[in-house]
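Novice: with the sequence up front, the predicted model follows.
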Amino acid sequence: MIAGGREGSGGEEDGDGRGRHPHFGKSGRKSRARLVRLLAARFIRPAACYILGLKHYPVFLDLKDRPVLVVGAGKVALRKTRGLLEAGARITVVAPECEPEFEELGVRMVRRRFRASDLGNAVLVFAATDDRLTNHRIAIAAKGKGVFANIADSPAECGFVVPARIHRADFHIAISTGGESPRLSAELRKKLEDIL
């Protein structure tokens with residue numbers, strides 16, 4: 001999934017899509033064509049996902065000022081929280097203990113174990129504890145309340161997955177294997193970063 005384009009253009013490029021983009025330099029068309037060839041040759045199987053059934057629907061969410069719950073406050077939770085802060089989310093972190101870096105973030109900290117009531121009015125929940133049973137409880141509670149959940153240690157319980165991302169000023173590239181191969185996503189992200 002690639003998001004970009006000019007403001008007011010509905011996320012699409014104007015005209016025939018061959019306009020120069022400032023992040024591709026003077027040889028914008030050549031770099032862009034090279035990127036498309038790389039993706040097509042190695043990773044894209046046209047229409048196959050629709051024939052076999054799409055596991056996840058790719059989407060970019062506007063989380064500005066929206067309440068998001070993060071359960072757990074270790075390294076994984078810290079990485080997810082930082083990404084959510086970049087998107088402008090209002091974050092509550094629930095965990096009995098936390099990494100020191102959390103103290104410097106503008107998040108609401110609740111120093112205790114997860115309770116189902118913590119879901120409250122959250123639009124998303126991220127379960128990133130080191131306890132499988134707690135993460136499972138969060139998945140069940142979120143599903144019961146109709147809240148989309150990302151369960152760090154169980155792709156099968158996720159209501160959504162977080163893709164590998166590349167952000168360059170006014171565009172995003174998101175890469176996902178549906179949680180099946182995070183390493184492959186990371187490798188492709190690195191290749192794209194080298195190109196861009």
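Specialist: Cool, the structure landed.
Novice: buried stuff in the strand or helix carrying residue 192?
Specialist: Following DSSP states H and E, one finds residue 192 within helix 182-195. The neighbour-count check on helix 182-195 (16 or more other C-beta atoms under 10 Å) flags 185, 188-189, 191-192 as buried. No exception for glycine: its C-beta is placed from N, CA and C like everyone else's.
Novice: against which helices or strands is it packed?
Specialist: Helix 182-195 makes packing contacts with helix 28-42, strand 164-168, strand 171-175 when contacts are defined by 3 or more C-beta pairs under 8 Å, 6 or more residues apart in numbering; DSSP states H and E.
Novice: for the last one, buried residues please.
Specialist: Right, strand 171-175. 173-175.
Novice: strand partners of it, parallel vs antiparallel please.
Specialist: Strands that pair with strand 171-175, judged by DSSP bridges, come out as strand 2-3 (antiparallel), strand 164-168 (antiparallel).
Novice: quick revisit: same question for the helix holding residue 192, mean pLDDT?
Specialist: For helix 182-195, mean pLDDT rounds to 73.
Novice: check stretch 81-101 too.
Specialist: For stretch 81-101, mean pLDDT rounds to 96.
Novice: what's the first-to-last distance across that stretch?
Specialist: By C-alpha to C-alpha, to the nearest Å, the extent of stretch 81-101 from end to end equals 11 Å.
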